[in-house]
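**Student:** Dropping the sequence and predicted coords here.
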Amino acid sequence: ALSHHENWQRQWRNPTPKKAYDVIIIGGGGHGLGTAYYLAKEFGIRNVAVIEKGWLGGGNTARNTTIVRSNYLWDEAAALYEHSLKLWEGLSQDINYNVMFSQRGVLNVGHTLQDMRDIQRRVNANRLNGVDSEVLDAKGVQELVPAMDCSQNARYPVMGASWQPRAGVARHDAVAWGFARAADAYGVDILQQTEVTGFKIRDGQIHGVHTNRGDIEAKTVGCVTAGNSGVMAKMAGLKMPMESHPLQALVSEPLKPVLDTVVMSNHVHGYISQSDKGDLVIGAGIDGYNGYGQRGSYPTVEHTLQAIVEMFPSFSRVRMNRQWGGIVDTCPDACPILSKTKVKGLYFNCGWGTGGFKATPGSAHVFASSLAKGEMHPIAAPFSIDRFNTGALIDEHGAAGVAH
Ligand SMILES: Cc1cc2nc3c(=O)[nH]c(=O)nc-3n(C[C@H](O)[C@H](O)[C@H](O)COP(=O)(O)OP(=O)(O)OC[C@H]3O[C@@H](n4cnc5c(N)ncnc54)[C@H](O)[C@@H]3O)c2cc1C
Ligand SMILES: CSCC(=O)[O-]
């Protein structure tokens, strides 16, 4: 057998499924792989399978625009995303894989008096929760982003922004690869090209899953399948208050360094950063219809580029190289679902919508704790599916930013 160190030097095995595991994680994205990693590393539960119908990291984890921040309004959301941001700050060392987390800051821009009042309110709430956040005026934004039109000639003049210096971007697929390699080194089985086609439920208790490679047993199952979670819930006889929509992104031809922070504007409805390779990474809102196609409609692309050129007129001649989409699982209050279900031993971690990449380590950590202990982690508890019965929603449409 390879030593732990030798294990670590490899990528990951492609094992044959065992008949039974202590825990099954459905979904080989960042959240699922991270959950398996923390189960093994922090809670000593290593007899775990991550079941992935495609290839690991092939879903939203490797399709997103990689913005990482924690400047959400409500205490519950700030606690969750700030827990994650703190894990991001040590993640490369922890999993021994460079996830290229670059704390270049994030600006959420305001264009009206009401925008600025909302920004001031959110920044005040952030500071009360120990989240680094400050309000900048137009001059402060211009100093950070010389290429941006902060003049009064703009159709939507920039009045200021919230600024989170510790926020930034990371290399998305490296997160999946890093968590996969680290989990595998602990003995976690990552079963790719293995689709869960149903749940084995008896007397209200989960006993495992049906897959295209046969049945696999476990009495603890965590479903972490993002845009496909509504379909998974239906297989288990559950209803999820969630809609799956296409969310698109674009990248441009590589440019010389021109933008060294992240700029997001809810108002003109677009956001942009520049990757280490030089391409502009651009996104905006979801396509309004429900869809599972991992692609969106052209009007959304057009609207996105109008928003970018409104903020950066000098980018109007830049050529776009690629466009793609993912399937985002959006909840009515723009917050996730981290929850037990009425089926004993079956948990869901989904509903991250357009903003779950930033939560990857934090979500995985608290979800692993919940699966290990059989009780929801205090940071996860407010995001129970029951909130849609009790009405205790956590409305983050403002801070969830552009894409909702
Ligand atoms: C275009 C775009 C831009 C985004 N930008 C940002 C951003 O800048 N910042 C941010 O914080 N968030 C962003 N997001 C959201 C973020 O990408 C997601 O919330 C997050 O990555 C979800 O991670 P995950 O691991 O839960 O899902 P995924 O990575 O989608 O993993 C779920 C996995 O489950 C698998 N699966 C589904 N059904 C089954 C089944 N039956 N059996 C087995 N496996 C199954 C899928 O194949 C998939 O690999 C963006 C999303 C998109 C699409
Ligand atoms: C897709 S929007 C990115 C974010 O939520 O910071």
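**Tutor:** Received the coordinates, thanks. Numbers count the residues shown, from 1 in each chain. Ligands and ions are numbered 1, 2, ... in the order given.

**Student:** Get me the contact residues on this protein for ligand 2.
**Tutor:** Residues of the chain lying near ligand 2 by C-beta under 6 Å from any ligand atom: T65, I67, R69, Y271, G283, T354, G355, K358, G401, V402, A403. (Glycine included, C-beta is placed from N, CA and C.)

**Student:** Measure how buried the closest residue to the first one other than its chain neighbours is and give me the count.
**Tutor:** Looking back up the chat, that one is T65. Of all residues not flanking T65 in the chain, G283 sits nearest, at 4.5 Å (C-beta to C-beta, 6 or more residues apart in numbering). By the criterion of other C-beta atoms under 10 Å, G283 has 26 neighbours.

**Student:** Secondary structure element holding G283?
**Tutor:** Using DSSP states H and E, G283 maps to strand 280-286.

**Student:** thinking again about what came up before, include pLDDT when you put the residues of the chain next to ligand 2 into JSON lines, please.
**Tutor:** JSON lines is the format used below for the residues of the chain next to ligand 2 (pLDDT from 0 to 100):
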{"residue": "T65", "pLDDT": "97"}
{"residue": "I67", "pLDDT": "98"}
{"residue": "R69", "pLDDT": "98"}
{"residue": "Y271", "pLDDT": "97"}
{"residue": "G283", "pLDDT": "95"}
{"residue": "T354", "pLDDT": "95"}
{"residue": "G355", "pLDDT": "96"}
{"residue": "K358", "pLDDT": "98"}
{"residue": "G401", "pLDDT": "73"}
{"residue": "V402", "pLDDT": "66"}
{"residue": "A403", "pLDDT": "61"}
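
**Student:** sec struct for Q306, please.
**Tutor:** What DSSP: H, G, I helix; E, B strand; the rest coil gives for Q306 is helix.

**Student:** residues contacting it?
**Tutor:** G270 (C-beta atoms under 8 Å, 6 or more residues apart in numbering).

**Student:** mind checking how far it is from ligand 1?
**Tutor:** 18 Å (C-beta to the nearest ligand atom, to the nearest Å).

**Student:** Now do the same for T194: helix, strand or coil?
**Tutor:** Assigned by three-state DSSP, the conformation of T194 is coil.

**Student:** could you pull out the helices for the chain?
**Tutor:** 4-9, 30-43, 75-95, 113-128, 138-144, 172-185, 229-235, 298-311, 360-373, 387-390 (DSSP state H).

**Student:** do you know which of these lies nearest A161?
**Tutor:** When those are compared for distance to A161 using C-beta to C-beta, the nearest one is helix 138-144, at 5.0 Å.

**Student:** For the closest one, give me every contacting residue.
**Tutor:** Residues contacting helix 138-144 (C-beta under 8 Å, 6+ apart): 105, 107, 109, 136, 148, 150, 157-161, 163, 261.

**Student:** Would you mark the buried spots in it?
**Tutor:** Residues A138, G140, V141, Q142, L144 are the ones in helix 138-144 that count as buried (16 or more other C-beta atoms under 10 Å).

**Student:** CSV please, covering those and showing distance to ligand 1 and pLDDT.
**Tutor:** CSV is the format used below for the buried residues of helix 138-144 (distance: C-beta to the nearest ligand atom, whole Å; pLDDT from 0 to 100):
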residue, distance to ligand 1, pLDDT
A138, 25, 98
G140, 23, 98
V141, 20, 98
Q142, 24, 98
L144, 19, 98
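
**Student:** which residue does the stretch 201-350 of the chain bring closest to ligand 2?
**Tutor:** Closest residue of the stretch 201-350 of the chain to ligand 2, C-beta to the nearest ligand atom: G283 (5.2 Å).

**Student:** related to what we said a few turns ago, among the contacts of helix 138-144, who's most crowded?
**Tutor:** Busiest of those [other C-beta under 10 Å] is A161, holding 30 neighbours.
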